[in-house]
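Peer 1: have a look; sequence and predicted model below, questions after that.
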Amino acid sequence: MPVTLFERICREHKIDTSLESLAIYPDQGLMHDATATPACLQLEAAGIRRLVPKTYVYCDHNLLQVGFRNADDHRYLRDMARKLGMVFSAPGTGICHQTHLEEAAFPGGILLGADSHTPMAGGLGMLAIGAGGIEVATALAGEAFYTARPLVVGVRLEGQLPAWVTGKDVVLELLRRVSVRGGVGRIFEYHGPGVAELSVPERATICNMGAETGATTSLFPSDERTRQYLKRFGRESAWRPLAADPGAVYDDEIVIHLDELVPLIALPDSPDNVRPVAEVAGLPLNQVCIGSCTNASFRDLAVVSAIWQGRRIASGVDVSVTPGTRRTLAALLETGLVSALVEAGARLLDCACGACNGVGQSPCSGGASLRTFNRNFKGRTGTADARAYLASPETAAASALTGVITDPRSLNTPPRIVVPGCFPAVGGTLEASAPEPETVCVRGPNIRPIPSGTPLPDAFAFPIKLIAGDNVTTDHLLPGGAEMLSLRSNIPASVPHVFERLDPDFAAHVSELPPQWIVVGGANFGQGSSREHAVIVPMSIGMKVVLAVSLARIFRQNLINNGVIPLTFVNPADVERLALNDVLEAKHLRQGLREGRVTLCTPHGTIDTVCRLTPHEAEILEAGGIVAWLKARRAN
Ligand code: F3S
């Protein structure tokens with residue numbers, strides 16, 4: 001029986017895919033400075049002294065050093081890396097996913113990362129899944145990572161990309177078709193003759209932004225282009241050919257005819273609000289940002305450099321370029337391609353997430369920003385009323401020259417890019433060491449213990465304290481941006497910002513909240529970033545139940561991992577029957593959860609809800625979260 005690539009990797013790792021919940025022991029772990037500090041604090045709290053998979057900690061999100069906070073976090077992470085034997089990537093080395101692609105990912109391996117764009121490594125044929133920080137930490141401690149068995153959707157690529165159309169346009173086309181909910185419970189496995197047309201960075205862009213569909217992950221085969229890519233980084237020995245068997249049967253199939261694609265753009269405020277660039281051409285821009293883990297490879301920036309060669313960016317447009325890694329920057333310098341970027345008038349930024357997570361480059365009030373990034377949710381830029389557009393580096397470069405959204409096909413012949421056969425080795429890439437258990441991990445004053453959840457009650461009667469609509473993101477629940485990121489290690493200091501993009505007054509009334517309460521939401525609640533703090537912070541002030549029409553995958557898991565009960569409506573229309581401060585009552589909760597159904601008594605009659613937990617999830621929820629579960633397990 002021919003098998004899919006997903007099935008092949010699972011078999012090699014002895015993962016039983018006949019089960020509804022897959023138990024995965026990853027080969028590698030990935031965390032970054034926004035998820036690793038709390039994860040390490042939780043590992044310390046659970047008494048973990050040894051990690052099982054090889055683990056990488058990247059400092060890329062919190063590089064702004066205004067005051068001591070971020071520098072203290074980085075010192076703590078470096079200490080923890082030494083203590084536990086993790087590979088440490090110092091600030092400025094690069095954005096986690098691109099650095100990992102260049103330095104560590106390998107075909108056929110399994111990566112578990114505390115970031116929703118971990119699937120980027122799928123561009124190299126690695127099964128790479130994003131999860132919440134503590135969930136990743138638990139897997140690093142040697143426990144299985146559980147995920148619902150996904151459907152495997154074959155994405156067949158036919159034909160060749162036309163001039164000026166790129167991998168970014170392929171994933172925008174996927175988003176246009178399936179929406180930000182269409183990938184939930186699915187893996188997108190790319191195959192077909194069009195795969196060979198795509199470079200590894202383009203495949204990685206597609207896998208990276210596939211996360212916006214809600215997919216568990218995306219996966220490309222490993223072929224000759226994969227070998228060439230690894231060779232550039234001195235890692236050819238990590239290569240092996242890998243693909244689905246001919247005739248492999250998928251649970252579902254999507255066909256994309258590459259030759260029919262045109263340059264695409266996602267309009268505000270969602271990555272699936274996709275239109276042809278030509279339809280919105282001429283719209284004035286205040287800003288163009290080129291970078292992020294999605295599109296900051298050598299290929300991406302070399303294209304921009306070639307387009308700008310001998311030209312100037314439009315006056316009045318704030319343009320920045322962020323290389324994904326220091327090695328990419330070194331290669332751009334070595335090939336002389338940086339000059340055109342600088343001479344055109346762009347600002348060259350640190351190799352970091354930067355503008356993508358709102359750390360710098362916030363647009364002016366009401367401004368329009370065109371970005372090569374993966375998300376354009378309202379407020380993510382750091383400017384509440386700015387409009388963010390998402391497009392390829394080609395479209396961004398063309399638009400920077402004109403100051404208005406511009407179809408890159410207006411630039412005539414596309415540049416031919418020559419990628420160096422070998423990328424320069426640079427200092428300060430990754431620091432690896434054997435575990436040194438006696439290392440003292442210094443905690444600065446901003447590093448505070450992470451609160452833990454409370455055990456599951458058998459009955460509750462809690463009031464609703466927040467009602468939200470559809471497609472609420474983790475940014476809405478707890479914003480990103482420079483200030484918030486520097487508070488990741490200090491939960492009490494984050495409380496004043498809880499739900500501020502949904503109800504700016506919410507935090508002012510925290511002292512009036514009852515000990516435990518409920519949030520009600522619409523469809524796809526908790527989409528976007530894997531930000532565990534979007535659960536931990538409200539949990540720390542009493543959020544005990546989230547009842548929604550549907551829950552985003554990582555967010556639902558984060559709820560369970562922090563002892564918060566995740567319920568969904570049997571009848572989505574019931575959401576309309578509920579009002580703020582209604583008290584919802586549940587009896588015999590444990591039995592209800594075992595049966596997967598919980599009936600709530602409300603002032604407007606009963607409402608049926610669903611909560612299907614695996615036995616493992618049920619154990620965690622009953623214990624009050626994963627730290628309590630892990631502690632109890634280690635004690636036995
Ligand atoms: Fe960083 Fe943005 Fe990617 S925050 S990891 S560049 S999605």
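Peer 2: Here it is on my side, so go on.
Peer 1: CA atoms for contacts and neighbours, from now on please.
Peer 2: Noted.
Peer 1: how far away is the closest residue to residue 421 other than its chain neighbours from residue 87?
Peer 2: Nearest residue to residue 421, sequence neighbours excluded (Cα to Cα, 6 or more residues apart in numbering): residue 232, at 5.2 Å. Residue 232 sits 21 Å away from residue 87, taking Cα to Cα, to the nearest Å as the criterion.
Peer 1: which of those two has more neighbours?
Peer 2: Per other Cα atoms under 10 Å, whichever of residue 232 and residue 87 has more neighbours is residue 87, with 21 against 16.
Peer 1: for that one, name its beta-bridge partners.
Peer 2: In this entry, residue 87 is beta-bridged to residue 56, by DSSP bridges.
Peer 1: just residue 130 next, same as before
Peer 2: residue 113.
Peer 1: and it, how many neighbours?
Peer 2: By the criterion of other Cα under 10 Å, residue 130 has 28 neighbours.
Peer 1: do the one 5 residues further on as well
Peer 2: Taking other Cα under 10 Å as the neighbour definition, residue 135 ends up with a count of 27.
Peer 1: now do the contacts for it.
Peer 2: By Cα atoms under 8 Å, 6 or more residues apart in numbering, residue 135 lies in contact with 114, 145, 558, 561, 626.
Peer 1: surely residue 148 meets residue 21?
Peer 2: Yes. Taking contacts as Cα atoms under 8 Å, residue 148 lies within contact range of residue 21: 4.4 Å.
Peer 1: send over stretch 163-172 as PDB, restricted to the C-alpha atoms.
Peer 2: Output of stretch 163-172 as PDB, limited to C-alpha atoms (Å, rounded to 0.1, in the frame of the first residue of the first chain):
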ATOM      1  CA  ALA A 163       7.400  35.400 -14.000                       C
ATOM      2  CA  TRP A 164       7.100  37.600 -10.800                       C
ATOM      3  CA  VAL A 165       5.000  34.900  -9.000                       C
ATOM      4  CA  THR A 166       6.500  33.200  -6.000                       C
ATOM      5  CA  GLY A 167       6.100  30.700  -3.200                       C
ATOM      6  CA  LYS A 168       4.400  33.400  -1.200                       C
ATOM      7  CA  ASP A 169       1.700  33.700  -3.900                       C
ATOM      8  CA  VAL A 170       1.200  29.900  -3.700                       C
ATOM      9  CA  VAL A 171       0.400  30.000   0.000                       C
ATOM     10  CA  LEU A 172      -1.700  33.100  -0.400                       C
END
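Peer 1: for that stretch, the distance to its chain's centre please.
Peer 2: 20 Å (Cα atoms, centre = their mean, to the nearest Å).
Peer 1: which parts of that stretch are buried?
Peer 2: When neighbours are counted by 16 or more other Cα atoms under 10 Å, the buried residues of stretch 163-172 are found to be 163, 164, 165, 166, 167, 168, 169, 170, 171, 172.
Peer 1: can you list the residues that contact that stretch?
Peer 2: 198, 202-203, 205-206, 209-210, 256, 258, 261-266, 271-272, 274, 391-392, 394, 408-409, 413-414.
Peer 1: which stretch of helix or strand covers residue 278?
Peer 2: For residue 278, the host element (DSSP states H and E) is helix 277-280.
Peer 1: right, and residue 10 touches residue 16 too?
Peer 2: Yes. In terms of Cα under 8 Å, residue 10 counts as a neighbour of residue 16; the distance is 7.3 Å.
Peer 1: pick out whichever of the two has more residues nearby.
Peer 2: For residue 10 and residue 16, the more surrounded residue by other Cα under 10 Å is residue 10, and the numbers stand at 19 against 15.
Peer 1: isn't there a helix covering the more buried one?
Peer 2: Yes. Assigned with DSSP: H, G, I helix; E, B strand; the rest coil, residue 10 falls within a helix.
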